[in-house]
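> Structure, please.
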Amino acid sequence: MEATDVEDGGAGVDVVELRVPADVRNIRRARQWVRTQALTRGVTAQPLRVVELLASELVTNAVKYGRGTEVLVRLGVVADGLRVEVHDDNPTLPQVLDPSREQAGGRGMRLVSMLAGTWGVDPHPGDGKSVWFAVPVEEDGAVAVAG
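Reported below is the predicted structural model:
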């Protein structure tokens, strides 16, 4: 597990990243790392739990459906909030599903679409994709949760 600060090109953007092997045992590690990074940036209480949940969902998808041996997680404070991005080597875009109550899975991207301020996918031709979400930051520094 490797965590690093990312060069911002002088733009003053606060971005850190974590690389972990694409293994289910690392989902918890990535979630805890996102929690720690969000805490150091002043995110607290309910918004912190939402950021942690959504990051966990994206990392789970990257481990479960990605084709590579590594998952890259980035967290950054951007002009209007906190952004978490997860990169994997599978170019297939995620889908927001509507599973039945009996289905055990398939709710991750629905949670992201419901709770994030914004979210999206950045395709990287020949190198998979990055799935990201952002939540706006309120004046007091707390992250505002959509919904």
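> who are the neighbours in contact with the residue of the chain most remote from its centre?
Residue farthest from the centre of the chain, counting by C-alpha atoms, centre = their mean, is residue 102 at 26.6 Å. Neighbouring residues of residue 102 by C-beta atoms under 8 Å, 6 or more residues apart in numbering: there are none. Quick note: C-beta positions are derived from backbone N, CA and C, even for glycine.
> Give me the secondary structure label for it.
Three-state assignment for residue 102 (DSSP: H, G, I helix; E, B strand; the rest coil): coil.
> cool, residue 57 as well?
When classified by three-state DSSP, residue 57 comes out as helix.
> For this structure, just list every one of the strands.
Secondary structure of the chain, counting by DSSP state E: strands at 2-5, 14-21, 70-78, 81-88, 118-123, 129-136.
> Would you format those strands as JSON lines with distance to residue 109 included?
Converted to JSON lines, the strands of the chain look like this (distance: least, C-beta to C-beta, whole Å):
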{"stretch": "strand 2-5", "distance to residue 109": "26"}
{"stretch": "strand 14-21", "distance to residue 109": "21"}
{"stretch": "strand 70-78", "distance to residue 109": "16"}
{"stretch": "strand 81-88", "distance to residue 109": "12"}
{"stretch": "strand 118-123", "distance to residue 109": "8"}
{"stretch": "strand 129-136", "distance to residue 109": "8"}
